[in-house]
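[1] 3D, please:
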Amino acid sequence: MSSSFFTNFHYVIACHEKAKAIDDPCAWIPWILWRIWKNSNSVVFKGLDFDAQITISKAKEDAMEWDERNRIANVSLQRNTDNEERKSWKPPPVEWLKCNTNASWLLVEERCGIGWILRDEFGNFKWMGAWTIPKVKSALEAEAEALCWALRMMVSLGYQKLILETDSLNLAKSVNQETTFSQLAPIIQDIRSMLTQIPEVKVVFYHREGNEAANRIAKKSISSSIRPCLLKRPMKVS
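    Here you go, the predicted model:
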């Protein structure tokens with residue numbers, strides 16, 4: 001140790017920075033210094049004195065508490081970041097297109113509104129479709145109808161690199177042969193058959209927050225009883 005206060009202080013701080021875990025006494029250095037300062041105030045203003053062992057013990061508690069709160073804050077921040085990332089639509093890779101599909105189903109009336117929107121790697125709008133379909137027995141069937149119609153349009157337009165994105169996990173699993181739903185067998189077979197007509201294509205699941213545009217189109221479709229409608233420019237869906 002040196003006789004210089006600043007040299008010694010720098011040495012102490014350097015020891016703290018080298019600490020790899022909170023249970024390393026070197027990690028407690030800032031709180032030890034804090035406790036020494038608090039103890040000096042207690043002696044001057046309250047006449048209270050604390051020995052070295054109590055000071056170190058309190059500093060350790062402070063360090064542990066700070067570490068725990070910091071860890072919780074980091075976890076919370078990560079969750080918020082994940083949620084924000086989940087909410088945004090993700091563009092496809094370079095030279096690919098992404099088609100988001102969705103359906104809005106009415107149980108009592110057994111009909112649905114379906115919608116899809118096609119965008120490029122820059123998020124630029126290419127095409128969109130909207131349709132109201134009667135006699136649909138389930139929400140899953142409605143989602144399948146949306147995907148099937150969108151895919152049929154993609155095949156007719158001749159696209160070569162395509163991602164089809166749905167917020168129905170069961171539908172994505174069924175198309176990718178990870179699970180089966182017997183009531184959807186005919187339409188799933190149609191979807192798989194059409195997929196073979198596109199050189200590079202994939203059907204993926206994504207959370208509803210990232211599929212909001214297609215969701216709005218589907219809701220507009222069911223509220224307005226739209227016949228099959230294919231648009232080259234966006235329609236108003238607010």
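[2] domain parsing for the chain?
    Listed domain ranges for the chain are 5-87, 97-231 (source: automatic domain parsing).
[3] tell me the most buried of those?
    Between those, domain 97-231 has the highest mean count of neighbours, a mean of 18, where neighbours are mean count of other CB atoms under 10 Å. Where you see a C-beta, it was placed from the backbone N, CA and C, and this is true even at glycine.
[4] distance between it and the chain's centre?
    With CA atoms, centre = their mean, to the nearest Å as the basis, the distance from the averaged C-alpha position of domain 97-231 to the chain average is 21 Å.
[5] can you give me the end-to-end span of it?
    Start to finish, the residues bounding domain 97-231 are 17 Å apart (CA to CA, to the nearest Å).
[6] hmm, back to that, want to throw the domains of the chain into CSV with mean pLDDT?
    Rendered in CSV, the data for the domains of the chain read as follows (pLDDT from 0 to 100):
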stretch, mean pLDDT
domain 5-87, 67
domain 97-231, 91
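[7] what distance do you get for residue 215 to residue 129?
    Here residue 215 is placed at a distance of 14 Å from residue 129 (CB to CB, to the nearest Å).
[8] list the residues that contact both of these two?
    With contacts defined as CB atoms under 8 Å, 6 or more residues apart in numbering, the residues adjacent to both residue 215 and residue 129 are residue 115.
[9] which stretches of the protein form helices?
    Taking DSSP state H as the criterion, the chain carries its helices at 5-18, 29-45, 52-87, 139-157, 169-175, 185-195, 212-224.
[10] I'd say residue 143 and residue 172 touch.
    No: with the criterion set as CB atoms under 8 Å, residue 143 and residue 172 do not qualify as a contacting pair; they are 9.4 Å apart.
[11] overlap in contacts of the two?
    Common contact partners of residue 143 and residue 172 (CB under 8 Å, 6+ apart): residue 166.
[12] how about the nearest residue to residue 137, chain neighbours excluded?
    Excluding its sequence neighbours, the residue lying closest to residue 137 (CB to CB, 6 or more residues apart in numbering) is residue 110, at 6.4 Å.
[13] quick one, what contacts the one you found?
    Contact partners of residue 110, counting by CB under 8 Å, 6+ apart, are 134-137.
[14] also residue 166?
    Remark: with contacts taken as CB under 8 Å, 6+ apart, residue 166 is in contact with 100-102, 143, 146-147, 172, 203-206, 211.
[15] I am finished for the moment; much appreciated.
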